[in-house]
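J.: what's the 3D shape of this:
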Amino acid sequence: MKGYYLNIAGYGIRVVSSDTGPDLVPDERFSGNICPDKGSDITITVYSEAFILPVNAERVFHAPLVEEIEGSIVKKDDIFWSVYRFDSFLFIKTIFPYSNTEKSAVLKFSLTSRDWDLYIEGAGQGTDPLEYPLDGLILYYLTAIHGDIMIHASGVDHAGKGYIFSGVSGKGKTTMARLWEMAGSRVIHDDRLIIRNIGGKYLMFNTPVYKNDHPSRSAIDGIFLISHGKENKLEPVSGARAVSLLLANCIQHNWNRVLVERLMGSVSALCTGVPVSLLSFKPEPGITDLIIRYGKQ
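T.: Here you go, the predicted structure:
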């Protein structure tokens, strides 16, 4: 395959191979997002070659390789991915720690251009151009460009009401999604959501993480900042407190002041438009009834 088109969270992503580039083999988790080309927000051209960063490129962000092991975050390696800046261009340099083959890549892009270039060294004859971690990084910068929000959260739709449950690892996002699924709700996702304001209405979208993922979306009627507790307790929050608490769960790269201010403005507007609450809960079905009653008030 020399090219395909993805629709993820309403973003149009066109992926094409250069004349001498590799065959493109999208991972199974993207199968539900591949669709006819309807106009792209970005076009990613893939090259099967190494890319040398400009000599004066400045590293502005670095992420080591970490894994969650038995509820604890453990650093596995200092080398993973980094962001560099040179003139108006940004470069993401990454390895692929879970790939079947040894390869590395550099994504060259700009926050003001729709044409991005992806250079993969060791791609072979066929490769997934959006292999982890590039998939999430590309989606993050799309949200940053559009003033949208990527957040650690699970989301559900219950009888037409959309609820977001946000928290870092171990706070109960997957547990909450499972409880709502048992209550007959539609789970949008249990880990990572994109929030967009479209036509004056806040919507949540899933992102392709698992093999059985298919595009899903819902309106947002309530946001809950969750933690495990000995009892079910709900406390509405607003203003600067709501913004700061929610912002802590948003995916963000704090090296760019413009993007930080844009995200803060987006989160502030979201907290004004949608009720936000602190929620401690016991992993029992009764928590869904509490939230449903609260949503009717």
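
J.: in terms of contact, does Ile188 touch Pro215 like I think?
T.: No. Ile188 lies out of contact with Pro215 (CB atoms under 8 Å); the separation is 10.0 Å. No exception for glycine: its C-beta is placed from N, CA and C like everyone else's.

J.: Quickly list what's touching both of the two.
T.: The contact sets of Ile188 and Pro215 overlap at Phe205, Asn206 (CB atoms under 8 Å, 6 or more residues apart in numbering).

J.: Show me which of the two is the more surrounded one.
T.: When Ile188 is set against Pro215 and neighbours are counted by other CB atoms under 10 Å, the residue ahead is Ile188, at 26 against 17.

J.: Work out for me the element that one sits within.
T.: strand 186-189 (DSSP states H and E).

J.: who's in contact with that strand?
T.: 154-158, 162, 177, 180-181, 204-207, 209, 213, 216-218.

J.: got the buried residues for that strand?
T.: Of the residues in strand 186-189, Val187, Ile188, His189 count as buried by neighbour count, 16 or more other CB atoms under 10 Å.

J.: so what secondary structure elements neighbour the helix or strand following that strand?
T.: Using DSSP H and E, the next helix or strand after strand 186-189 towards the C-terminus is strand 192-198. Packing partners of strand 192-198 (3 or more CB pairs under 8 Å, 6 or more residues apart in numbering; DSSP states H and E): helix 134-146, strand 149-158, strand 201-206, helix 257-273.

J.: model confidence over strand 192-198, on average?
T.: The pLDDT scores in strand 192-198 average 96.

J.: Can you give the strand pairings for that strand, parallel or anti for each?
T.: The strands that strand 192-198 pairs with in its sheet are strand 149-158 (antiparallel), strand 201-206 (antiparallel) (by DSSP bridges).

J.: what about the stretch 51-200 of the chain, any weak spots by pLDDT?
T.: Applying pLDDT under 70 to the stretch 51-200 of the chain flags the ranges 68-73.

J.: show me where the stretch 51-200 of the chain has strands.
T.: With DSSP state E, counting those that start in this stretch as the criterion, the stretch 51-200 of the chain has strands at 58-69, 72-86, 89-95, 104-109, 115-121, 126-127, 149-158, 161-166, 186-189, 192-198.

J.: Can you tell me what sits against the shortest one?
T.: If you take CB under 8 Å, 6+ apart as the criterion, strand 126-127 is touched by Pro22, Asp23, Leu24, Val25, Val46, Ser48, Lys103, Ile120.

J.: mind running it again at 10 Å?
T.: Contact with strand 126-127 is made by 1, 17, 21-26, 46, 48, 96, 99, 101, 103, 105, 120, as judged by CB atoms under 10 Å, 6 or more residues apart in numbering.

J.: So what's the gap between that strand and the chain middle?
T.: Counting by CA atoms, centre = their mean, to the nearest Å, strand 126-127 is centred 24 Å from the centre of its parent chain.

J.: ok, that strand: who's next to it in the sheet?
T.: If you go by DSSP bridges, strand 126-127 pairs up with strand 23-24 (parallel).

J.: Any buried residues in stretch 96-111, and which?
T.: Those would be Phe96, Lys103, Ser104, Ala105, Val106, Leu107, Lys108, Phe109, for stretch 96-111 by 16+ other CB under 10 Å.

J.: export those to TSV and tack on distance to Arg257?
T.: Below are the buried residues of stretch 96-111 laid out as TSV (distance: CB to CB, whole Å):
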residue	distance to Arg257
Phe96	30
Lys103	33
Ser104	29
Ala105	27
Val106	24
Leu107	22
Lys108	22
Phe109	19
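
J.: Can you lay out the helices and strands packed on strand 192-198 as TSV showing mean neighbour count and distance to Arg241?
T.: Formatted as TSV, those follow (neighbours: other CB atoms under 10 Å; distance: least, CB to CB, whole Å):
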stretch	mean neighbour count	distance to Arg241
helix 134-146	20	23
strand 149-158	24	17
strand 201-206	21	19
helix 257-273	16	9
